[in-house]
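Q: predicted model and sequence follow; I will ask about them next.
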Amino acid sequence: MGVGGQLAVSPQGKIGPCQAYLGCDEYFPLDVHALHAKLPDLSIEDIYADPMFHEWSYRFPLNMKDCIDCHAIAVCGGGCPYAAHANTGSIWKIDKRICFQAKQIFEWMIWETYDAMVAEQMKP
């Protein structure tokens, strides 16, 4: 599971949204042992009650101002929040590596589909 649905657990029992942030206590705010006390009534809502997890659950291209007009929005997924944060200081900014790749893949998919449709029409 990617952004908003992934849970990473550190060896110390801390829970965060992404394994890339392992070792950064700020991004691992929940504790397995504390949540274990709520079992069997623990729900995903208990986890998303944490402000950071709540924010991450909304991080996808349709909610990202820089992505909303992109022609490749349907194939991108918004890139990596960690890479965006590491390079820009915000998970809400564009991961330029994935942005470039998604646009290239989208163009390739369009032309491959077009070529396949033309080839099909040329068949006797």
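A: Done, it's in.
Q: and the longest helix along the chain, how far out from the chain middle?
A: Longest helix in the chain by number of residues (criterion: DSSP state H): helix 96-122. Chain-centre distance of helix 96-122: 23 Å, with Cα atoms, centre = their mean, to the nearest Å.
Q: mind checking the pLDDT average for that helix?
A: Averaging pLDDT along helix 96-122 yields 92.
Q: start the count at 9 instead of 1 going forward.
A: Right, with 9 as the first residue, what we last looked at is helix 104-130.
Q: what residues sit buried inside that helix?
A: I106, C107, A110, F114 (16 or more other Cβ atoms under 10 Å). To be clear about C-beta, it is placed using only N, CA and C from the backbone, and glycine gets the same treatment.
Q: and for stretch 46-62?
A: Using 16+ other Cβ under 10 Å as the test for burial, stretch 46-62 gives I55, Y56, M60, F61.
Q: return the member of the residues you listed nearest to G97.
A: M60 (15.3 Å; Cβ to Cβ).
Q: what's the nearest residue to the closest one if we skip its chain neighbours?
A: Sequence neighbours aside, P37 is the residue nearest to M60 in space, at 5.9 Å (criterion: Cβ to Cβ, 6 or more residues apart in numbering).
Q: and the one you found, what's its pLDDT?
A: At P37, the predicted lDDT confidence score is 89.
Q: neighbours around it, how many?
A: P37 sits with 14 neighbouring residues when counted by other Cβ atoms under 10 Å.
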